[in-house]
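**Student:** A predicted structure for the sequence below; I have some questions about it.
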Amino acid sequence: MSWNAHIITGFPAMFPGCLGESLAGRAREDGLWSLTTHDVREHGQGKHKNIDDTPAGGGAGMVMRADVAASALDSVTAQHELPVLLPSPRGVPWTQDLAQELAEGAGAIFFCNRYEGIDERFIEARAPLEVSLGDYILSGGEPAALVMLDSIIRLLPGVMGKVESGLQESFSVQSGGLLEHPHYTRPQVWEGMEIPEVVTSGDHEKLDKWRRQRALEMTQERRPDLLEDLPQNDSAPKK
Ligand code: ADE
């Protein structure tokens, strides 16, 4: 069964964008997921089919009208019972766990708007899950939706060739929530640097220990915050 992505946007030409290529593009051709865009402009109100208006109380930019947003969303939710996500810098952080949870469902509806905003009454009334990629401002929800979708699609059954390559990555449960250990390939010596001996030794037990140790060290160095969630005995890299 296919996983279905629905995108409500004023810029349907932004999709599938990068998701039309490589892993996600092939998976779409194989029917593992589908993408449907819904043009919010078709729900514009009044003589000029406006979708936004000046902010009440003054201020810069334009705000999407609640009636337009609701009409666009309701036309999709009437047909598809799926979680509704609203990419926004004020949302909950987008995480691997959230991507995994959504990948296990039937699909998702992404409501994309320009950053200036959307009438708060729409958010209160329809209660989409607001999700953020991080503490920075994008020009709109579309690039965020592409990133979020990318992280979901690669988790769908059958999308990644080698199952393990998904299982041991940074942030997955199987990696213990650590950043990934380093990787190497031929040539054996490059610019005077050799592949660490343990990697090519053939001793799998030793290699597993080394990888775990390097993952811990890297996490300690770059993302010590991730170590706080680890079980006690794993929390400090051994020197
Ligand atoms: N829209 C604008 N900025 C965003 C961000 N950081 N994350 C998600 N959606 C956004």
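**Tutor:** Everything's here; your move. The model shown is predicted, which means the values in this text are computed figures rather than measured ones.
**Student:** just confirm Ser34 is within a strand.
**Tutor:** Yes. Under DSSP: H, G, I helix; E, B strand; the rest coil, Ser34 falls within a strand.
**Student:** neighbours around it, how many?
**Tutor:** 12 (other CB atoms under 10 Å). The way it works is simple: take the backbone N, C-alpha and C, and place the C-beta from them, glycine included.
**Student:** mind listing what it touches?
**Tutor:** Ser34 is in contact with 2-5, 28, counting by CB atoms under 8 Å, 6 or more residues apart in numbering.
**Student:** over to Gly177?
**Tutor:** Contact analysis of Gly177 by CB under 8 Å, 6+ apart lists 171, 226, 229-230.
**Student:** now do the SS call for it.
**Tutor:** Per three-state DSSP, Gly177 ends up coil.
**Student:** redo the contacts of Gly177 as a markdown table? Include pLDDT and neighbour count.
**Tutor:** Shown next, in a markdown table, are the contacts of Gly177 (pLDDT from 0 to 100; neighbours: other CB atoms under 10 Å):
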| residue | pLDDT | neighbour count |
| --- | --- | --- |
| Phe171 | 75 | 18 |
| Leu226 | 93 | 16 |
| Asp229 | 78 | 9 |
| Leu230 | 77 | 15 |
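**Student:** what's the distance between Gly10 and the ligand?
**Tutor:** 14 Å (CB to the nearest ligand atom, to the nearest Å).
**Student:** correction: the previous question concerned Leu146.
**Tutor:** Separation of Leu146 from the ligand (CB to the nearest ligand atom): 11 Å.
**Student:** and Asn4, how many neighbours does it have?
**Tutor:** With neighbours defined by other CB under 10 Å, the count for Asn4 comes to 16.
**Student:** ok, it - contacts?
**Tutor:** 33-34, 36, 80, 82, 106-107.
**Student:** where does it fall, phi/psi-wise?
**Tutor:** Note on Asn4: backbone dihedrals following degrees, to the nearest 10 are phi -110, psi 120.
**Student:** which strand residues bridge it?
**Tutor:** Per DSSP bridges, the residues bridged to Asn4 are Ser34, Gly107.
**Student:** now the helices: where do they sit in this protein?
**Tutor:** 22-29, 66-77, 96-103, 120-126, 141-153, 163-167, 197-200, 204-222, 224-227 (DSSP state H).
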